[in-house]
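# build me a model:
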Amino acid sequence: MRVSREAAQASKARITAEAARLMRENGIAGTSVADVMTAAGMTTGGFYKHFESKDDLTAAAVREAFGGILTGLAESAGTRGTDAARKAYFETYLSDAHVENPGKGCPVPSLGADVGRAGKLIGAAFEDGIEQTIARLAGKDLTTPQRAALIRQMSTLVGAVILARAVGEGALRGEILAAAREAI
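Next up is the predicted model:
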């Protein structure tokens, strides 16, 4: 039975969304193609109808994960303005909910180390996502000092979430998140 183009696109989107979630939860190496296909409700054999390789899937998953962030920032900026959207993003980023739910959060603290060891295809998707996030957080043309300030803020956010996840629940996690809020 032949599948329509729309059904194939919907299947690929479902696979990509599940890969984005699972890879943020378990890392790239900790997520198999079989895991992704099972989560998407499909058989593993159908994987190569949609993707050339796991790297191809991973790059698509990285784009998907950043896409959710970028869409949320654009919607927030459209209703609140760029400065308020950026402030809300920072507050949400440094929340217990973000720390406790990596599968729904930013791919940078979840996948950054993995991507550093991955191939160029995945690295390019990751770099593009970071560049777009910087641009969306800025909301305007950036001068070099403004870009540097946003990169420092992003680095603080990411580092705080990595540390907060590593120490688990407790007072130290709260201290890390509070210190990062104060720093940005």
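# which residues of the protein score low on pLDDT?
Low-confidence segments of the chain (pLDDT under 70): 1-2.
# closest to the centroid, which residue in it?
Pro107 (2.6 Å; C-alpha atoms, centre = their mean).
# need the contact list for that residue.
Contacts for Pro107 were tallied using C-beta atoms under 8 Å, 6 or more residues apart in numbering; they are Ala20, Met23, Arg24, Val62, Ala65, Phe66, Phe126, Gly129. For every residue, glycine as well, the C-beta is placed using N, CA and C.
# mind telling me what element the fourth one is part of?
So the one you mean is Val62. helix 54-80 (DSSP states H and E).
# okay, buried residues for the next helix-or-strand element following that helix please.
Using DSSP H and E, the helix or strand that follows helix 54-80 towards the C-terminus is helix 82-93. Using 16 or more other C-beta atoms under 10 Å as the test for burial, helix 82-93 gives Thr82, Ala85, Arg86, Tyr89, Phe90, Tyr93.
# could I get helix 82-93 in PDB with only the CA atoms?
Taking Å, rounded to 0.1, in the frame of the first residue of the first chain, the C-alpha atoms of helix 82-93 are listed here in PDB:
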ATOM      1  CA  THR A  82      11.700  41.500  22.800                       C
ATOM      2  CA  ASP A  83      13.000  42.600  26.200                       C
ATOM      3  CA  ALA A  84      10.100  41.100  28.200                       C
ATOM      4  CA  ALA A  85      10.300  37.900  26.100                       C
ATOM      5  CA  ARG A  86      14.000  37.600  26.800                       C
ATOM      6  CA  LYS A  87      13.500  38.100  30.500                       C
ATOM      7  CA  ALA A  88      10.700  35.500  30.600                       C
ATOM      8  CA  TYR A  89      12.900  33.000  28.600                       C
ATOM      9  CA  PHE A  90      15.700  33.500  31.100                       C
ATOM     10  CA  GLU A  91      13.300  32.900  34.100                       C
ATOM     11  CA  THR A  92      11.900  29.800  32.500                       C
ATOM     12  CA  TYR A  93      15.300  28.500  31.600                       C
END
